[in-house]
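>>> after the sequence you'll find the predicted model.
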Amino acid sequence: MSSTTEEKQQEAVENGVPSPQNTEETTSASEKGRVPIPRFKKPRLIIIIVSSVLLTVVLFFCFRYVIPYGQAKKAFESRDYLTAYQKYASAGEYKDASEKAVVAEKAYHYAAAQEAFLAEDYTLAHTEFELAGDYEDAVQMSRTSVLAGYYLAGTKAIADKNYEEAINCFSKAKGYLDGRAKWLEALNLYGEELLSEKKYTEAAFYFSIADNQERHLECGKLLAGIGKYEESLPILEEHSTLSSEAMQYLNYAKGMLCLNDKNFAEAAKSLKAAGDVLNAEEKRDESLFSLAEVCLHDGYLNKAKAIYEALPADYELNGHSATERIKLLEKNTGFLNLVGTWHAIKGQYRVQANSTTSSYYYYWYNDSYSGSVTVRCPYNDNGTFGVVGTATYLCYQNFSKYSYNLKTDLETYSFNKKDCSSVPSNLGSSRCGLQYSGNQFKLNYKYVNDSSNLFWNYTYTSNMTYGNRSQLAEDTFNP
């Protein structure tokens, strides 16, 4: 019984019921009219409440920050960067969530850029790589996307045969894959297209950029062949030092320009150096015949004859043949023999003084010679010749000043005889007589000075013989 009583007492204590030992307190409390309050009930409630609050806070923190952070990490590892970004962003300032949110956002754009790049949407790829900032190689890939975009556009342009666009695109994509090779390919393709359209100058420009020496030279040759000599010159000059063929074409173009400018001597020289390219030989003969015609009409007859003889006997131009001209000159050898420079071989200079107050006179003379006679004989279309030239000779001056002050100067006399059917013998004037005898000239000069002295009149005379003839430089021809 006692044990049962103890158990009941213990239970009563645990339930807040006073034990029999506390009956006095119970009775006392009862007597006071108050309900007794269990001693341990209030502290227990506070603990429960605080624990609940703490648990709520912990749970809130876990759900608000910790769990999103962990979910973000898993999402990032599984390459779900958008979710990772969103979760890190929702994790606020927990740990390094804000920093990782930035990384996740960049990773998201980087992944989107890669996807766009693989889909050949390089514009979007470029934009996304830009948004990816400094994530991995985003900066480099941003530039690569631009190059890839130009490369793709260039590839499409070549497929569409829009070679100008292809050249433009590949020129900007030279550093991507085989962009430079594609650029050269586009240049050559466009050059070939222009070549087929006979736009040789334009084609040469693109072949030059492509460093296609063979096709570039071909354009120069074709330009020369169609008469665009000035446009062909810079192209042909570029290749002339390394290609004998280019040099021949260059000489051809130069020769044809000279021919068109009526510079027949230079034309003949250049066209001779052109060899057998195009119609160089024919044009050289034309240049030579034209040069001979100029020489004939300018009076350089020996040169004209030598040129005619260098041409094919049956060569004909503008209604005249080489044979015909040779016969004409052989029929008029007197004029051919007249052309040249005749040099003085002897002479005498004399001064005669006549008194104005008496019949007294005296004279002074000197045997000496100097000067020359230069002659050319232009041919006229009416079948006649002219004789044109100059004679130079010494003459005295200032004899009245005293003989030791005697001054001598070379004077010049010019003559021009027109429409001569035979060589004239008299080419002089009243003051300066000039006679031609077939193998020499004789000159007689006279000048009267009747006002140099009150008491004397002076007559100056010069007699000169010119007998040695040399050929004029302009009258020679070296084939």
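Arrived safely. Here the structure is a predicted model, which means the values were calculated and not measured.
>>> can we go C-alpha only for contacts and neighbour counts from here?
Will do.
>>> element containing T341?
Assessed by DSSP states H and E, T341 sits inside strand 340-355.
>>> centre-most residue in this structure?
Central residue of the chain (CA atoms, centre = their mean): F205, 9.2 Å from the mean position.
>>> who is the residue lying closest to L472 once chain neighbours are set aside paired with across the strands?
Distances taken as CA to CA, 6 or more residues apart in numbering put G340 closest to L472, at 5.1 Å, once the chain neighbours are dropped. Beta-bridge pairing for G340 (DSSP bridges): V375.
>>> what does D367 give?
Beta-bridge partners, per DSSP bridges, of D367: Q348.
>>> begin at 21 from here
All set: I'll call the first residue 21, so the last point we hit is now D387.
>>> you'd agree it is up against L414?
No: D387 lies out of contact with L414 (CA atoms under 8 Å); the separation is 11.4 Å.
>>> what's the overlap in contacts for the two?
Counting by CA atoms under 8 Å, 6 or more residues apart in numbering, the contacts common to D387 and L414 are Y369.
>>> neighbour count winner among those two?
L414 (23 against 12; other CA atoms under 10 Å).
>>> so what's that one bridging to?
Using DSSP bridges, the bridge partners assigned to L414 are L430.
>>> who touches T432 in this structure?
Counted by CA under 8 Å, 6+ apart, T432 has contacts 410-413.
>>> so V408: helix, strand or coil?
Put simply, V408 is strand when judged by DSSP: H, G, I helix; E, B strand; the rest coil.
>>> which stretches of this structure have low pLDDT?
21-63, 65, 69-85, 417-427, 470-474 (pLDDT under 70).
>>> can you give me the strands in it?
Under the criterion DSSP state E, the chain contains strands at 336-337, 340-341, 360-375, 381-387, 392-396, 405-417, 427-440, 452-456, 461-469, 476-490.
>>> same list (the ones you listed) but as TSV, adding distance to G195.
TSV is the format used below for those (distance: least, CA to CA, whole Å):
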stretch	distance to G195
strand 336-337	61
strand 340-341	66
strand 360-375	73
strand 381-387	92
strand 392-396	72
strand 405-417	75
strand 427-440	78
strand 452-456	86
strand 461-469	85
strand 476-490	73
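>>> looking at those strands, which is buried most?
Ranked by average neighbour count under the criterion mean count of other CA atoms under 10 Å, these are headed by strand 392-396 at a mean of 25.
>>> export that one as CSV, just CAs?
Output of strand 392-396 as CSV, limited to C-alpha atoms (Å, rounded to 0.1, in the frame of the first residue of the first chain):
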residue,chain,number,x,y,z
SER,A,392,79.9,77.3,-144.0
VAL,A,393,76.9,76.9,-146.3
THR,A,394,74.1,74.6,-145.0
VAL,A,395,71.5,73.4,-147.5
ARG,A,396,68.4,71.2,-147.6
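>>> quick one: V359 and Y320 touch, right?
Yes: here V359 reaches Y320: they are 7.1 Å apart, a contact under CA under 8 Å.
>>> quick one: common contacting residues for those two?
Common neighbours of V359 and Y320 (CA under 8 Å, 6+ apart) are 396-397.
>>> ok, the contacts of T432 vs R370, which is closest?
Closest approach to R370 among these (CA to CA): Y413, at 13.1 Å.
>>> is it true that that closest one touches S434?
No: Y413 is beyond contact range of S434, at 11.6 Å (criterion: CA under 8 Å).
>>> about what we covered before: what would the contacts of T432 look like in a markdown table with distance to S191?
Output for those, formatted as a markdown table (distance: CA to CA, whole Å):
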| residue | distance to S191 |
| --- | --- |
| T410 | 70 |
| A411 | 73 |
| T412 | 73 |
| Y413 | 76 |
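>>> closest one of these to D141?
Distance to D141, by CA to CA, is smallest for T410 among the contacts of T432, at 89.1 Å.
>>> re the thing from before, mind checking which of the strands of the chain is nearest V122?
strand 336-337 (90.9 Å).
>>> give me the sheet partners of the closest one and which way each runs.
Strand 336-337 has the following strand partners under DSSP bridges: strand 340-341 (antiparallel).
>>> how about residues contacting the strand it pairs with?
333-335.
>>> export stretch 177-187 as CSV, just CAs?
Output in CSV follows, covering the C-alpha atoms of stretch 177-187 (Å, rounded to 0.1, in the frame of the first residue of the first chain):
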residue,chain,number,x,y,z
ALA,A,177,27.9,36.2,-102.3
ILE,A,178,30.3,33.9,-104.2
ALA,A,179,27.4,31.4,-104.6
ASP,A,180,25.3,34.2,-106.0
LYS,A,181,28.2,35.4,-108.2
ASN,A,182,28.1,38.7,-106.5
TYR,A,183,31.9,39.0,-106.5
GLU,A,184,32.2,42.6,-105.5
GLU,A,185,30.2,41.9,-102.3
ALA,A,186,32.3,38.7,-101.8
ILE,A,187,35.5,40.7,-102.1
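>>> hang on, the earlier thing: from the contacts of strand 340-341, which is closest to E135?
For the contacts of strand 340-341, the nearest to E135 is Y335 (79.6 Å; CA to CA).
>>> from G448, how far off is the nearest residue to Y385 once chain neighbours are set aside?
Leaving aside its sequence neighbours, Y385 sits nearest to R370 (CA to CA, 6+ apart; 4.0 Å). The gap separating R370 from G448 is 20 Å, by CA to CA, to the nearest Å.
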